[in-house]
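S.K.: Build me a model:
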Amino acid sequence: MDLKTTYLGLKLRTPLVPAASPLSEEIDGIKQMEDAGASAVVLYSVFEEQLRREQAELDDHLERGTESFAEALTYFPAPNEFRLGPEEYLQHIAKAKEAVRIPIIASLNGSSTGGWTEYAKGMQQAGADALELNIYYIPTDMNAASCDVEQNYLDILKAVKAAVSIPVAVKLSPFFTNFAYMAKRLDQAGANGLVLFNRFYQPDIDLEALEVRPNVLLSTPMAMRVPLRWVALLYGKLQASLAATSGIHRATDVLKMLMAGADVTMLCSALIRHGIRQIGVIERDLIAWMEEHEYESVAQLKGSLSQKNCPNPSSFERAQYMRALAEYSTGDSRSTE
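M.R.: This next block holds a predicted model:
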């Protein structure tokens, strides 16, 4: 069975790629992913806040005591007493590259240009095969227009693309006024891939402690419906690769995403719930289904049921909404509200 695919210009053995998660924080975990069948690994993210904190600590070292007297230069710390960023992450990239043969995709998580560009260079120099920009941005300024929000994404992408030569993917949320237009603009700005979609971790309220607390909920297969729709709508219309993520737990989920037009499917919650070996289980089930239905390759599957190739293209658009409700009502007397 030919499971080969191409993502960000990288030739991959299968479309199964572990997404950014704590599972890649240890080199042994990355080795286990390769052994289980992962065709590439997206490393856990470095956050913009980490870069800012490291820079603030450096500034503090450099300025400490300089207001005292002329000999203040002697207060400067030796170069090996401070770091110019989370160096451990760069070392992790280098060690991962030495430990496995599959591509290593580094991940930056932030919302502004800041120190991204210089750190992106460091990731490339450390050996990363590609870079995923996880732009985590919830605009709350009531005076910020949608065009300003969109421009922020484009500015980040352009700055990073100007700094590195390795492929760059952008991980997005679906919350844009016109996501199709935004995808087109990112494609034109040089994005090598789009990762659909980021899952925003929503806060919760602890009624006993009367505190707002983060609440991490693992995805369920239902979460795949939004990326499934947009992968299907965008397939064949962009130069950028398409990665589907969120809600992919089983081989059937992978098959649906491939048929919609995804180049790769990214796994996270399934691996956290069932362990890294789940990659091999999904691959085995994927092959079994393809053999049973007489498919010979992933290429044969890819995009076969995208909007471009679907017998009923409107199935992916709102025109089907009333029909879906009508069919639900006739099959089930319960309220749809």
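S.K.: C-alpha coordinates for the helix or strand hosting residue 195, PDB please?
M.R.: Residue 195 belongs to strand 193-196 when assigned by DSSP states H and E. Taking Å, rounded to 0.1, in the frame of the first residue of the first chain, the C-alpha atoms of strand 193-196 are listed here in PDB:
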ATOM      1  CA  GLY A 193       1.200  25.300   4.400                       C
ATOM      2  CA  LEU A 194      -1.900  26.000   6.400                       C
ATOM      3  CA  VAL A 195      -2.800  24.000   9.500                       C
ATOM      4  CA  LEU A 196      -6.500  23.900  10.100                       C
END
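S.K.: after the helix or strand bottoming out on mean pLDDT in the chain, next one along is what?
M.R.: The helix or strand of the chain with the poorest confidence is helix 48-63; it has a mean of 47 (mean pLDDT, DSSP states H and E). Next in sequence after helix 48-63, counting helices and strands by DSSP H and E, comes helix 87-99.
S.K.: Packing partners of the helix or strand following the strand holding residue 195?
M.R.: Later in the chain than strand 193-196, the nearest helix or strand by DSSP H and E is strand 203-206. The helices and strands touching strand 203-206, judged by 3 or more C-beta pairs under 8 Å, 6 or more residues apart in numbering; DSSP states H and E, are strand 211-214. For the C-beta atoms, the positions are set from N, CA and C on the backbone; glycine is no exception.
S.K.: now the very next helix or strand once past the strand it packs on: how far from the chain's centre is it?
M.R.: Where DSSP H and E defines the elements, the next helix or strand beyond strand 211-214 is helix 225-234. Centroid separation between helix 225-234 and its chain, computed with C-alpha atoms, centre = their mean, to the nearest Å, is 15 Å.
S.K.: In PDB, list the C-alpha atoms belonging to helix 225-234.
M.R.: The C-alpha trace of helix 225-234 is given here as PDB (Å, rounded to 0.1, in the frame of the first residue of the first chain):
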ATOM      1  CA  ARG A 225     -16.200  18.800  11.200                       C
ATOM      2  CA  VAL A 226     -14.900  22.400  10.900                       C
ATOM      3  CA  PRO A 227     -11.400  21.500   9.500                       C
ATOM      4  CA  LEU A 228     -13.100  18.900   7.200                       C
ATOM      5  CA  ARG A 229     -15.300  21.500   5.600                       C
ATOM      6  CA  TRP A 230     -12.500  24.000   5.100                       C
ATOM      7  CA  VAL A 231     -10.000  21.600   3.800                       C
ATOM      8  CA  ALA A 232     -12.600  20.500   1.300                       C
ATOM      9  CA  LEU A 233     -13.400  24.000   0.300                       C
ATOM     10  CA  LEU A 234      -9.700  25.100  -0.200                       C
END
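S.K.: Name the residues that touch that helix?
M.R.: Helix 225-234 is contacted from outside by 174, 179-180, 183, 194, 196-197, 242, 244-247, 256-257, 260-262, 305-307, 310, 316, using C-beta atoms under 8 Å, 6 or more residues apart in numbering.
S.K.: quick one: which of the residues you listed sit in helices?
M.R.: Using DSSP state H, the members of the contacts of helix 225-234 that fall in helices are 179, 180, 183, 256, 257, 260.
S.K.: want to throw those into a markdown table with neighbour count and pLDDT?
M.R.: Shown next, in a markdown table, are these (neighbours: other C-beta atoms under 10 Å; pLDDT from 0 to 100):
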| residue | neighbour count | pLDDT |
| --- | --- | --- |
| 179 | 19 | 94 |
| 180 | 13 | 95 |
| 183 | 23 | 97 |
| 256 | 22 | 97 |
| 257 | 29 | 98 |
| 260 | 29 | 96 |
